[in-house]
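Participant: any chance you can model this:
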Amino acid sequence: MYSKLTFVLLATVFATCLGAYTCRTGTVVNRPVNNQPYTFPINWDDNQTAPALAAGQDCSWVVTIPQGYYAKLIISGDLTDSVGYIQMVDTNGNVQKTKHENKNPYFFPSPKFTLIVDNQAAATFAFKVVWAPFPVGTSFEALVDLYAKVVDVTKEVFAGKLDCSNSCSMFSFPVDTISFFNLRSVLVFSGLGYNGTYLTSLYQMYKNPMQWIGPPTILYIVNLQASGADDKLLVQSSAFTSDIKLYEELNCIPSSTCTIPLNNGPGKSGLVYAGNQNQTLTDIFMDKTATLTVYYGSQTHFALYKTYQGSTIQKMLPLTFKGGFMTNYIISAGKSIFTFSLSG
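Facilitator: Here you go, the predicted model:
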């Protein structure tokens, strides 16, 4: 009887003989003096499909990034076995793990990131790293306190500084809520620039269903690749959001109807909207003893629009709220289900 290891070794040898690539653990990749891209395998072009990777590979690359530069990583790969994975770890320890990559780029700041591929069955895999300097200058500076800030966050390359001395809450509103790859190019730092402490990307932030609250400091935000898309970033002072236990973005396609449940218990829950469409509340489920308070802005008395009682709101539907404002829908307690129809 042959052991499982024997079969894996035989499969690896067979695949290698057919031209499949192998790799190793602990490869250190430094930016070349001539600033040429690094590729695996050598001479792979990202206009090509990924070549075969032999079965039974366990490989890693540590890619160093000089101060003042970022790295753009393009991966093409398909791992078909149940336990295989492609993993990236940035300098702040944020982990991204996938099985399939289709050349949508990732972006990493100094000083390094780690790329890992681990597969049992034969796969396809290739990648390319390009180094480039961070953009020079800042497009805007803003104090985030009583008033929130909405940013066109991926349309153009930019860098901006946000004074979040009381700490800030952030929500992204990508146009494509399924494949939100544009958000990978937006990096967030604590400090006055990219030499500060790297925190996360908007892509990582959006994958987490909870609101992101940063440290009480200046936040530096930089977008490294223009998408031309109308993706938005909403930044509020956490002084007006930290009491909301369950807080989600209302991000529905224009001219559509969407239903959003908030399965909250005791304490506040809410939705926040940051687009240009009118929002018509066509149906709502909420506790009769609870209230819905609508703000055209953050939770301040200046932005308060109206409070509705759970016992009577059904008789008032539909209710239309104007677009072009950041709008908060805050439930005082309990579970709720919102159904909105958005204008075109």
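
Participant: does the most centrally placed residue in the chain belong to a helix, a strand or coil?
Facilitator: The chain has Y203 as the residue nearest its centroid, 1.5 Å off, counting by CA atoms, centre = their mean. When classified by DSSP: H, G, I helix; E, B strand; the rest coil, Y203 comes out as helix.

Participant: who's in contact with it?
Facilitator: Under the criterion of CB atoms under 8 Å, 6 or more residues apart in numbering, the neighbours of Y203 are 180-181, 183-184, 186. Yep, even glycine has a C-beta here, placed from its N, CA and C like the rest.

Participant: now N166
Facilitator: Here N166 is in contact with 145, 216, 237-239 (CB under 8 Å, 6+ apart).

Participant: wait, a helix at it?
Facilitator: No: counting by three-state DSSP, N166 falls outside a helix, being coil.

Participant: run through the strands of the stretch 1-150 of the chain in chain order.
Facilitator: Applying DSSP state E, counting those that start in this stretch to the stretch 1-150 of the chain gives strands spanning 27-29, 38-40, 52-53, 57-64, 69-78, 85-89, 95-98, 100-102, 106-109, 112-119, 123-133, 140-143, 149-152.

Participant: do I have it right that S172 meets L202?
Facilitator: Yes: between S172 and L202 there is a contact at 4.9 Å, judged by CB atoms under 8 Å.

Participant: mind listing the shared neighbours of these two?
Facilitator: 153, 183, 233.

Participant: break down the stretch 151-300 of the chain into its strands, ranges please.
Facilitator: Using DSSP E, counting those that start in this stretch, strands in the stretch 151-300 of the chain cover 158-164, 168-173, 186-190, 197-201, 212-213, 217-223, 232-237, 244-249, 257-262, 268-273, 279-286, 291-295.

Participant: now do the first one: distance to the chain's middle.
Facilitator: Shown here is strand 158-164, whose average C-alpha point lies 18 Å from the average C-alpha point of the whole chain (CA atoms, centre = their mean, to the nearest Å).

Participant: what distance do you get for G344 to T259?
Facilitator: In this view, G344 and T259 are 19 Å apart by CB to CB, to the nearest Å.

Participant: so those two - more neighbours on which side?
Facilitator: T259 (12 against 8; other CB atoms under 10 Å).

Participant: contacting residues around that one?
Facilitator: With contacts defined as CB under 8 Å, 6+ apart, the neighbours of T259 are 283, 337-339.

Participant: if we go to 10 Å?
Facilitator: T259 makes contact with 252, 282-283, 285, 337-340 under the criterion CB atoms under 10 Å, 6 or more residues apart in numbering.

Participant: now which of the residues you listed would you call buried?
Facilitator: Neighbour-count burial (16 or more other CB atoms under 10 Å) applied to the contacts of T259 gives 252, 338-340.

Participant: got the contact list for stretch 280-287?
Facilitator: Residues outside stretch 280-287 that contact it (CB under 10 Å, 6+ apart): 257, 259, 261-262, 269, 292, 294, 308-311, 313-314, 316-321, 329, 331-343.

Participant: so which of these are in helices?
Facilitator: Among the contacts of stretch 280-287, none falls in helices (DSSP state H).

Participant: buried ones only from those, please, as a ChimeraX command.
Facilitator: Command for ChimeraX that selects the buried part of the contacts of stretch 280-287, burial taken from 16+ other CB under 10 Å:
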select :262,269,292,294,308,310,313,319,321,329,331,332,333,334,335,336,338,339,340,341,342
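
Participant: low pLDDT regions in the stretch 101-250 of the chain?
Facilitator: By pLDDT under 70, the stretch 101-250 of the chain has no low-scoring segment.

Participant: what's the burial count for A121?
Facilitator: By other CB under 10 Å, the residues close to A121 number 17.

Participant: that one reaches K99, doesn't it?
Facilitator: No: counting by CB atoms under 10 Å, A121 does not reach K99; the two are 11.4 Å apart.

Participant: list residues touching both of those two?
Facilitator: The contact lists of A121 and K99 share 79-84, where a contact means CB under 10 Å, 6+ apart.

Participant: top of those residues by number of neighbours, please.
Facilitator: Counting by other CB under 10 Å, top hit in the shared contacts of A121 and K99: L79 with 24 neighbours.

Participant: I'd like to know how far it sits from W61.
Facilitator: In terms of CB to CB, L79 sits 16 Å off from W61.

Participant: how about Q236?
Facilitator: Taken as CB to CB, the span from Q236 to W61 is 39 Å.

Participant: with D145 instead?
Facilitator: As judged by CB to CB, D145 and W61 stand 43 Å apart.

Participant: out of these two, which sits in the busier spot?
Facilitator: Taking neighbours as other CB under 10 Å, D145 and W61 compare with W61 leading, 21 against 16.
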